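>>> Pasting the sequence and the predicted coordinates here, then a few questions.
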Amino acid sequence: MVTIVQNGNPILRKQAREVPISDIVSPKIQKIMSDMKTVLATQDDGVALAAPQIGKSLRIFIVSGAMLKLASKNYKGDESFMIFINPEILKLSKERQKVEEGCLSVRWKYGKIERAKKASIRAYDENGKLFERGASGLLAQVFQHEIDHLKGILFIDNAYDIKDIPREEQTKGRLETV
């Protein structure tokens, strides 16, 4: 059974490796993406997941469209998973915002962090097709959080006012965990 790696595991601090484009459609990489979807679907507060969080040091992250829809009235996409392979941020807005953030690998800790309000990203999808996508609000925050994971950075490295919020309290306030 695949589980979410927790803070303290050295894989979370490593720079993730690029996935060779020709390997994207391989059974191995497809299985990793399938495992990521399965694990993320078990997290009722999880919005996104990076491959290092399941112990795979690869530049892949996924986003739950269903959770984005729940968390943001502005989300216009569908409820399927979005997959980003070898992502790179193309542009971040100069305008910043302070946002609450948590992480599935730093369970039940939440803090405030400054993120760009808008972000543009380039990545490959699960079929090896290159695409670009712009985002604002929560999705822009997710892009920045997940790419930090791929660089070995956890949100607690840059957050302030970090608090432990037990699961019971957390679900009352409906905090999303990226």
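Happy to help now that I have it. Numbering: from 1, shown residues only.

>>> So which bits of the longest strand seen in the chain are buried?
Longest strand in the chain, counting residues (DSSP state E): strand 81-92. The neighbour-count check on strand 81-92 (16 or more other Cβ atoms under 10 Å) flags 81-87, 92 as buried. (Glycine included, C-beta is placed from N, CA and C.)

>>> in its sheet, what does that strand sit against?
When pairs are called by DSSP bridges, strand 81-92 turns out to pair with strand 60-64 (antiparallel), strand 118-124 (antiparallel).

>>> okay, the ones you listed, which one's buried deepest?
Most buried of the strands paired with strand 81-92 by mean neighbour count (mean count of other Cβ atoms under 10 Å) is strand 60-64; its value is a mean of 25.

>>> And the average pLDDT for that one is what?
Averaged across strand 60-64, pLDDT comes to 95.

>>> What of stretch 67-76?
Model confidence over stretch 67-76, given as mean pLDDT, is 66.

>>> Tell me which other helices or strands whatever helix or strand comes next after the longest strand of the chain touches.
Using DSSP states H and E, the helix or strand that follows strand 81-92 in sequence is strand 96-102. Applying 3 or more Cβ pairs under 8 Å, 6 or more residues apart in numbering; DSSP states H and E, we find strand 96-102 packed against strand 109-116, helix 137-150.
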